[in-house]
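S.K.: sequence below, structure please.
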Amino acid sequence: MRRSFSFHDLSYDEFEALANAICQKVLGTGAVVFATGKDGGRDGAFAGTAQQFPSSASPYAGRFVIQAKHTANPAASCSDAEFDVILDKETPRITALIEGGEIDYYLVFTNRKKPATSTTKKEKALKKLGIKAAHIIGIEQLRAWLTASPEIWSSMGFDRFDKHLAFDRSDITDVITAFHASFGSKGTGGGQEDLSFVPKPKKNKINKMSDTYFEEIRTRSLPYFKQIEDFLKNPRNVDAKAMYEDTADEIRRKLIVADPPFPTFDEALTHIIDVVAAGNIALRTRKRFAAIFMHYMYYTCDIGQHADPV
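M.R.: Predicted structure coming up:
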């Protein structure tokens, strides 16, 4: 299941515990957490050869110091002046650790966005203090690690914060059921190109849809699109059309504010189809029509960002 990983909803202590749990995974079980209080510039530490940081092929070996810098602001960035002040305050502590021979690598975990250019400059400035490397680990890397190892997030009970893209599936279920009763399970295969309102390669690029997924739409779902269009245009199905439009409107609005946004529209559609079909007894033996209708919504620009008209 897709997870939002709402880091800003965590307390400072919870985020610190999460950072150290991740270190147990990417550095090794020898990563230790220090008790709350004066940490001397350390929330955690590890000594030895890392299991998979920065990669399993070329891991660092030495003494690691781990810091956690949490914010409750979901829009915060590592490029903010506030974060510069936070790092500046750590400089004398890092210097003391260097003088004591206690640090080779400095890892800063933060739930801030990490712009590449400005953050790289900060990492280079930290390295110049006299350590082998410094890494600022932002929200993008945290999500990547937790997506690969979601048990870390769940085991700490943080899945209570998860916010999934959810919508009322009852309307579209009724539409699919009524459509199936009218047309059955076979597509006509005719008139599909009449629905090509925008240049699809451009729309696919804007929405980050892969060629492979779009070919699946063309091959499996497109033969039904003319029937769906005729069904929705039929005056007898005015209620079904209204329910279809309500569902498309709700999905479109929720995709806009999805946090985090779906990396690709392949994943967005897969999630939406799962919401409609999973455990839906009313769609038993016709779950594939959940995919067909969602593909139709995308193809006709009822959902997804538009390309320019032809």
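S.K.: contacts only, for residue 7.
M.R.: By Cβ atoms under 8 Å, 6 or more residues apart in numbering, the contact list for residue 7 reads 15, 18, 70, 111, 139, 142. Bear in mind the C-beta positions are built from the backbone N, C-alpha and C, glycine included.
S.K.: please redo it, this time with the cut-off set to 10 Å
M.R.: Residue 7 sits next to 14-15, 18, 70-72, 74, 109-112, 139, 142-143, 146, 153, 158, 161 when contact means Cβ atoms under 10 Å, 6 or more residues apart in numbering.
S.K.: which of the residues you listed count as buried?
M.R.: A residue is treated as buried here by neighbour count (16 or more other Cβ atoms under 10 Å); on that basis the buried members of those are 14-15, 18, 70-71, 109-112, 139, 142-143, 146, 153, 158, 161.
S.K.: which parts of the stretch 151-300 of the chain are helices?
M.R.: Using DSSP state H, counting those that start in this stretch, the helices of the stretch 151-300 of the chain run over 170-183, 200-206, 211-216, 225-233, 238-256, 265-277, 288-299.
S.K.: what packs against the first one?
M.R.: In terms of contacts (3 or more Cβ pairs under 10 Å, 6 or more residues apart in numbering; DSSP states H and E), helix 170-183 is packed against helix 225-233, helix 238-256, helix 265-277, helix 288-299.
S.K.: picking up where we left off before, quick one, which of the helices of the stretch 151-300 of the chain is nearest to residue 26?
M.R.: Distances from residue 26 to each of those were compared by Cβ to Cβ, and the smallest falls on helix 265-277, at 24.2 Å.
S.K.: mind giving me the packing neighbours of the closest one?
M.R.: Packed against helix 265-277 by the contact rule (3+ Cβ pairs under 10 Å, 6+ apart) you find helix 170-183, helix 200-206, helix 211-216, helix 238-256, helix 288-299.
S.K.: quick one: low-confidence ranges for the stretch 1-150 of the chain?
M.R.: 1-3, 34-42 (pLDDT under 70).
S.K.: would you map the strands across it?
M.R.: Counting by DSSP state E, counting those that start in this stretch, one finds strands in the stretch 1-150 of the chain at the ranges 32-33, 44-49, 61-69, 105-110, 133-137.
S.K.: and the ones you listed: which comes nearest residue 209?
M.R.: In terms of Cβ to Cβ, the element of the strands of the stretch 1-150 of the chain nearest to residue 209 is strand 133-137, at 30.0 Å.
S.K.: what angle separates that closest one from strand 105-110?
M.R.: Computed by axes from the mean of the first three to the mean of the last three Cα atoms, to 10 degrees, the angle separating strand 133-137 from strand 105-110 equals 10 degrees.
S.K.: export strand 133-137 as PDB, just CAs?
M.R.: Coordinates of the C-alpha atoms in strand 133-137 are reproduced here as PDB (Å, rounded to 0.1, in the frame of the first residue of the first chain):
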ATOM      1  CA  ALA A 133      32.200  13.400   4.100                       C
ATOM      2  CA  ALA A 134      29.000  15.000   5.200                       C
ATOM      3  CA  HIS A 135      25.500  14.100   4.000                       C
ATOM      4  CA  ILE A 136      22.300  16.000   4.500                       C
ATOM      5  CA  ILE A 137      19.500  13.400   4.100                       C
END
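S.K.: partner strands of it, parallel or antiparallel?
M.R.: According to DSSP bridges, strand 133-137 forms sheet pairs with strand 105-110 (parallel).
S.K.: spatially central residue for the chain, please.
M.R.: Among the residues of the chain, the smallest C-alpha distance to the mean C-alpha position (Cα atoms, centre = their mean) belongs to residue 260, namely 4.5 Å.
S.K.: can you tell me how far that one is from residue 112?
M.R.: 14 Å (Cβ to Cβ, to the nearest Å).
S.K.: give me the buried positions along stretch 225-233.
M.R.: Here stretch 225-233 shows 225, 226, 227, 228, 229, 231, 232 as buried, counting by 16+ other Cβ under 10 Å.
S.K.: sorry, that was for stretch 255-271
M.R.: Buried-residue list, stretch 255-271, by 16+ other Cβ under 10 Å: 255, 262, 265, 266, 268, 269, 270, 271.
S.K.: try stretch 120-139
M.R.: With the criterion 16+ other Cβ under 10 Å, stretch 120-139 contains buried residues 122, 123, 126, 129, 131, 133, 134, 135, 136, 137, 138, 139.
S.K.: so the second one touches residue 129, yeah?
M.R.: No - taking contacts as Cβ atoms under 10 Å, residue 123 lies outside contact range of residue 129: 11.2 Å.
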